[in-house]
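>>> need the 3D shape of this:
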Amino acid sequence: MSSHGAPIPMTSSACGPLAGRAEVPGDKSISHRALILGALCVGETTISGLLEGQDVLDTAKAMRAFGAEVTDLGGGNWSVQGVGVGGFAEPDGVIDCGNSGTGVRLIMGAMATSPITATFTGDASLNKRPMARVTDPLADFGAQAVGRAGGRLPMTLVGAADPVPVRYVVPVPSAQVKSAVLLAGLNAPGQTVVIEAEATRDHTERMLAGFGAQITVEDTEEARVITLTGQPELTPQRIDVPRDPSSAAFPVCAALIVPGSDVLVPGIGLNPTRAGLFTTLREMGADLTFENERVEGGEPVADLRARFSPDLKGIEVPPARAASMIDEYPVLSVVAAFATGDTVMRGVKELRVKESDRIDAMATGLRANGVTVEDGPDWWTVTGLGHGNVPGGATCASHLDHRIAMSFLILGMASQNPVSVDDGGPIATSFPIFEPLMKTLGAQVERTGG
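Modelled structure (predicted):
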């Protein structure tokens, strides 16, 4: 069942060339952070281009519950009147973060060093996801968490009355964990230090600096060391949210596998900690170019042009690249099905604990559609059939996971037979305009029930 209602079965069929401009929504990661940091300022932060998917709307609702004044001005423009670092009020009710692991983990971090208590929950998918990876380092600050077995939601977090700064080595690459620790460090005296062996998306560090926090990032031979000085007075900002590279992945990948396609995806954020998919696609032989490269709001941005690429080759994706494209492996596996040879993806155990077990979900669905897939605990291999040779014809389970649902709908656009998903409802969490946008480009995506 969809996280917000009855299931919405959907089917995608082979179509003619995809063409036109694909104006995808704002970046989800930056949208979450803009709302949270805006709430931690004193004064008004204005945000344009905010992603108005359900995940981000749930974070906006949570910031209101903690005392910030969050206003939808229309057209993707929002205003946040913040309460200052350490100024969160205790919420009256339970904080429902829906499907968003990013939202709940970052919000937990932001409140963990204030002397308040909050209870968090989510949908069926989020309530299965591990939270101990965040609550363990938050305990080092002095916060206490009580949840269900296995460190799962619903969970009550009691913020530290007398927080202390921490020095934390992130055990697995996770921007969510890093960000939660940094946000907690804002209201702890002294310096909080986060050490990550592999660099993960750095939107939090960039945005903290933009809001006036004293933060340094040092890259050593062994690790990236991030040092934050606590208890700053953050300065309200105007945030222009670039378009989301994770959402751009879907029209880009569709254009690469649908014959005759030529699609322009304008204004995409190309932060180097997020752009691994596009590097990988080009290594596979994709006709993918960056146009009008520029910097907006401290983030590198470009227009992406993707054209049909009939001679894609399977490659081994470097494990070190995983953190920069972790959310894009599902749709990469779809492209890999239309390449020739094996595409090998290693160092991706994080995919096992996303909105679903994404390795298992994609492997099962691809096999049902005639594609050979092998997988292990932290790797999987897709044996490509070449252009035009993917049978398709199956109905795939989305597992309440927006990226799984969209990936299989992309698969159907170039398969010999239509591909269906049991529930496209979760797509609204991150890409609410996916269906009309893809139809505008020429795709045949239909709701088949619900």
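
>>> could you pull out the helices in this protein for me?
Ranges of helices within the chain are 28-39, 54-65, 101-111, 132-141, 175-185, 203-210, 245-257, 276-283, 329-337, 358-368, 402-412, 434-441, based on DSSP state H.

>>> which other helices and strands contact the third one?
Based on contacts counted as 3 or more CB pairs under 8 Å, 6 or more residues apart in numbering; DSSP states H and E, the elements that helix 101-111 packs against are helix 28-39, helix 54-65, strand 117-121, helix 132-141, strand 152-158, helix 175-185. Using the backbone N, CA and C atoms, a C-beta is placed for each residue, glycine as well.

>>> next, the buried residues of it.
Neighbour-count burial for helix 101-111, counted by 16 or more other CB atoms under 10 Å, picks out 101-111.

>>> which residue is the nearest non-sequential neighbour of residue 252?
Nearest non-adjacent residue to residue 252, counting by CB to CB, 6 or more residues apart in numbering: residue 306, 4.4 Å away.

>>> Serialize the helices of the chain to JSON lines and add fields for distance to residue 264 and mean pLDDT.
As requested, the helices of the chain are arranged in JSON lines below (distance: least, CB to CB, whole Å; pLDDT from 0 to 100):
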{"stretch": "helix 28-39", "distance to residue 264": "21", "mean pLDDT": "96"}
{"stretch": "helix 54-65", "distance to residue 264": "25", "mean pLDDT": "97"}
{"stretch": "helix 101-111", "distance to residue 264": "28", "mean pLDDT": "97"}
{"stretch": "helix 132-141", "distance to residue 264": "38", "mean pLDDT": "97"}
{"stretch": "helix 175-185", "distance to residue 264": "28", "mean pLDDT": "97"}
{"stretch": "helix 203-210", "distance to residue 264": "25", "mean pLDDT": "94"}
{"stretch": "helix 245-257", "distance to residue 264": "9", "mean pLDDT": "97"}
{"stretch": "helix 276-283", "distance to residue 264": "14", "mean pLDDT": "98"}
{"stretch": "helix 329-337", "distance to residue 264": "18", "mean pLDDT": "98"}
{"stretch": "helix 358-368", "distance to residue 264": "27", "mean pLDDT": "98"}
{"stretch": "helix 402-412", "distance to residue 264": "18", "mean pLDDT": "97"}
{"stretch": "helix 434-441", "distance to residue 264": "10", "mean pLDDT": "98"}
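
>>> do you know which of the helices and strands packed on helix 101-111 lies nearest residue 335?
Within the helices and strands packed on helix 101-111, the stretch nearest residue 335 is helix 28-39; the backing value is 21.4 Å (CB to CB).

>>> point out where the protein drops to low pLDDT.
The chain contains residues with pLDDT under 70 at 1-4, 297, 450.

>>> could you rerun that using 50?
Low-confidence segments of the chain, defined by pLDDT under 50: 1-3.
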